[in-house]
Every structure is written in C-alpha cells, then in structure tokens.
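A.B. asks: got a structure for you, letters missing:
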C-alpha cells in the first residue's frame with residue numbers, strides 16, 4: 001500500500017460496505033452510503049491503484065482447491081540471496097504467503113497442502129531452494145482467529 005495517504009473515514013465506510021457485499025455496484029454503494037457515484041468510483045479506483053484494496057483471492061479457501069492443510073515454515077536464509085529465495089518461493093504454487101521477519105528467523109512461509117505427503121514434498125522443495133539454510137515446519141491444527149480487518153475498518157470509519 002502506498003504509505004503517502006492513509007484511508008480516511010469515508011474510504012473505511014466504502015470498504016466496510018464492500019466487505020459486507022463484495023458484489024455491490026458503485027451505484028448501490030453510493031446509495032447505501034449517501035455519497036455520489038463519482039465519489040465512490042474515484043475512491044475505489046484510488047484505493048485499487050494505491051494497493052489499499054487488493055486482490056479478492058483471500059476470499060477463496062485453499063480447501064476448496066483441494067488443499068485443506070495449512071502449515072507455517074520458518075526459514076533461515078543467506079541474506080545475500082534473499083531476492084533469489086523470494087523468487088524461488090513465489091514459483092511454488094503451494095506457497096501462499098511469505099513474510100520477512102526480524103530476529104533469528106528470516107522468513108515465515110505459509111504453505112497449503114493436499115495431504116501430509118504433499119506437505120512433505122513442498123517442505124523439501126522449500127529446503128532445496130538455494131540460499132535457504134534451515135527450515136522448521138509447523139502444521140496448523142486449527143484457525144482460531146481468521147484473517148480480518150473489519151474491526152480496524154470500523155475504527156477508521158468512526159474517526160472524525
């Protein structure tokens with residue numbers, strides 16, 4: 001997201017409405033929020049362009065694609081090869097997110113898998129990436145708090 005401009009209360013209200021009804025048209029959003037169509041359209045376009053409004057891929061569950069298992073792989077990386085490691089990880093379909101971390105662990109890699117055998121293969125692929133020195137894999141047993149931004153959007157929408 002472009003850090004030059006943060007979302008204001010109106011942007012947050014638009015995003016809350018979209019979160020409630022992702023298929024809402026600009027006209028429906030404008031009517032619901034008491035804004036002009038042009039205002040809503042311009043703000044949505046600006047949020048898409050800045051990266052504040054990202055892909056709707058998050059709404060697709062890996063389980064629906066035959067990958068019910070989630071695991072987190074932590075990796076220690078040769079820092080001089082970080083760009084190459086990132087590109088290699090992006091080339092593994094089961095790698096759905098990668099975060100660079102501070103501290104002793106360099107990367108947190110979120111992986112989805114069809115079964116234990118698939119997870120074992122993917123973990124091996126990750127470890128085989130040149131520049132990755134060591135990995136640890138932890139299987140997620142249950143999601144306790146799903147990805148969410150609604151509480152932050154509500155707070156931002158109520159800012160005056």
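C.D. replies: Good, I have the coordinates. Since the structure is predicted, the reported quantities are computational estimates derived from the model, not experimental observations. Numbering: from 1, shown residues only.
A.B. asks: mind listing the strands for this protein?
C.D. replies: Under the criterion DSSP state E, strands of the chain are mapped to 69-77, 95-100, 107-113, 132-139.
A.B. asks: Mean neighbour count added to those strands, as a markdown table?
C.D. replies: Every residue, glycine included, has its C-beta placed from N, CA and C. Below are the strands of the chain laid out as a markdown table (neighbours: other CB atoms under 10 Å):
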| stretch | mean neighbour count |
| --- | --- |
| strand 69-77 | 19 |
| strand 95-100 | 14 |
| strand 107-113 | 21 |
| strand 132-139 | 14 |
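A.B. asks: now those in TSV, with mean pLDDT?
C.D. replies: Shown next, in TSV, are the strands of the chain (pLDDT from 0 to 100):
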stretch	mean pLDDT
strand 69-77	98
strand 95-100	97
strand 107-113	98
strand 132-139	98
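A.B. asks: nearest to residue 38, of those strands?
C.D. replies: Of all the strands of the chain, the one in closest proximity to residue 38, counting by CB to CB, is strand 95-100 (35.5 Å).
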